[in-house]
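Visitor: Kindly return the folded structure for what I paste below:
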Amino acid sequence: MVLIPDKVLKLIKQQQILIVGTTSKGICNISPRTSFRLDEDGAVYWLELFRHKTFRNLQKNAWCTIAVFDKKRLVGYQLKGKASLVSDRKIKSQIKLEIIDRLTRLHKQRILRQSKGPDVIKFVPQIVFSLNPNELSDSALMISADIKSFRASDLRW
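Guide: Numbers count the residues shown, from 1 in each chain. Here you go, the predicted structure:
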């Protein structure tokens, strides 16, 4: 896992929305997430409310991308890593409550109406790229020392 650079964390906190990208059988899927939490160790947790394409794709392929951007300033970042379902009940409950606590009343009502509570997904970043037009986007800002992460980054030297 890589630590998310401060400028990326700051942008995530400012924008309050993540775009999660997944794939299955070569078909891409993106989905916005507003119900998330940044962990001190660099992980990103989000609530999986509907168990649709993103959820199904992650069950088949743990590699995914999170993008965050500021359209006014034309800056953004892409984090590539692996996501997994949080199965430990105590941890899942704690994270779920922390995320729900920060949501607006409308979001809370929508989540609490679910017959089955939301799942919690943990994303562990392995690679961080800039999406800024004036920066080299083929070079990672941060990359895990893990050889699988390096191969997955598809870097060009």
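Visitor: For the protein, which segments count as strands?
Guide: 18-24, 27-33, 36-38, 44-48, 63-70, 75-85, 119-130, 140-143 (DSSP state E).
Visitor: Rounded mean pLDDT for the last one, please.
Guide: Just to be clear, that refers to strand 140-143. Here strand 140-143 scores 75 as its mean pLDDT.
Visitor: Please name every helix or strand in contact with that strand.
Guide: strand 119-130, helix 147-153 (3 or more C-beta pairs under 8 Å, 6 or more residues apart in numbering; DSSP states H and E). C-beta coordinates here come from the backbone N, C-alpha and C atoms, glycine included.
Visitor: The closest residue to Thr22 other than its chain neighbours - how many residues pack around it?
Guide: Excluding the flanking residues, the one nearest Thr22 by C-beta to C-beta, 6 or more residues apart in numbering is Asn57, at 3.6 Å. Neighbour count for Asn57, taken as other C-beta atoms under 10 Å: 23.
Visitor: wait, what's in contact with the closest residue to Trp46 other than its chain neighbours?
Guide: Spatially, and ignoring its direct neighbours in sequence, Trp46 is nearest to Phe36 (4.0 Å; C-beta to C-beta, 6+ apart). Listed by C-beta atoms under 8 Å, 6 or more residues apart in numbering, the contact set of Phe36 reads 18, 44-47, 99.
Visitor: low-scoring pLDDT stretches of this protein, where are they?
Guide: 104-112, 114-115, 133, 135-139, 145-157 (pLDDT under 70).
Visitor: relative orientation of the longest helix belonging to it and strand 119-130 in degrees?
Guide: The longest helix of the chain (DSSP state H) is helix 89-101. Relative orientation of helix 89-101 and strand 119-130, computed by axes from the mean of the first three to the mean of the last three C-alpha atoms, to 10 degrees: 70 degrees.
Visitor: which residues does the residue sitting nearest the centre point of the chain bridge with?
Guide: In the chain, the centroid-proximal residue (C-alpha atoms, centre = their mean) is Ile66; its distance is 4.3 Å. In this entry, Ile66 is beta-bridged to Val20, Leu79, by DSSP bridges.
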